[in-house]
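Participant: let me see the structure of the following:
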Amino acid sequence: MSEIETIADGSGKTHFGLNNKQARDLADALIELGIPTNIVRVMICLHTHGATTSKTLQTRCELRQPEISTAIKMLNERSLVEIQSTGASGRGRPSHIYKLSKSIELCIEHFTSEIQRDITAMQNGLQNVQRLTQSL
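Facilitator: Numbers count the residues shown, from 1 in each chain. Here you go, the predicted structure:
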């Protein structure tokens, strides 16, 4: 099976070309934490394959161009991706080369820190609701 084919492992989950079990498990764990699937796909693809174009990401991640664009935008807002413009050959829009600007570990740490902040905020909110409920 080629690296760009979808792998089904019997769990009903697809792993967008990840042949390494650890990478598949990591992708599943990140998605289960609530990180959007498209971001996980793009982030792990860029880590696994290095710098690449939107067209290649579309093939490897099995996503449409708007989905790639949204994922890249969200990674870029977090300063986790570098975008290098390449001149348009002839007519048309210039294309871009994308690559992670940090190690995969630091990218994941960024998202897990966001999740931890959200958990803390929810815990504080729950405590507030419990406190207010007791005073009724």
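
Participant: CA only for contacts and neighbour counts going forward, please
Facilitator: Noted.

Participant: sketch out the low-pLDDT regions of this protein for me.
Facilitator: When residues are selected by pLDDT under 70, those of the chain lie in 1-19, 88-90.

Participant: please enumerate the helices of it.
Facilitator: Here the chain has its helices, by DSSP state H, at 21-32, 37-49, 54-61, 65-77, 104-134.

Participant: export those helices as JSON lines, with columns for mean neighbour count.
Facilitator: Formatted as JSON lines, the helices of the chain follow (neighbours: other CA atoms under 10 Å):
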{"stretch": "helix 21-32", "mean neighbour count": "15"}
{"stretch": "helix 37-49", "mean neighbour count": "20"}
{"stretch": "helix 54-61", "mean neighbour count": "19"}
{"stretch": "helix 65-77", "mean neighbour count": "16"}
{"stretch": "helix 104-134", "mean neighbour count": "13"}
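
Participant: what's the closest of the ones you listed to residue 87?
Facilitator: The closest of the helices of the chain to residue 87 is helix 54-61. By CA to CA, the value is 14.4 Å.

Participant: just the angle between that closest one and helix 37-49, please?
Facilitator: Following axes from the mean of the first three to the mean of the last three CA atoms, to 10 degrees, one obtains 100 degrees for the angle between helix 54-61 and helix 37-49.

Participant: bridging residues for the closest residue to residue 75 other than its chain neighbours?
Facilitator: Counting by CA to CA, 6 or more residues apart in numbering, residue 81 is the residue found nearest to residue 75 once chain neighbours are left out, at 5.8 Å. Residues in a beta bridge with residue 81, per DSSP bridges, are residue 100.

Participant: about what we covered before: out of the helices of the chain, which gets nearest to residue 92?
Facilitator: When the helices of the chain are compared by CA to CA, helix 54-61 sits nearest residue 92, at 14.7 Å.

Participant: packing partners for the closest one?
Facilitator: helix 37-49, helix 65-77, strand 95-100 (3 or more CA pairs under 8 Å, 6 or more residues apart in numbering; DSSP states H and E).

Participant: quick one: that helix to helix 65-77, angle?
Facilitator: 100 degrees.
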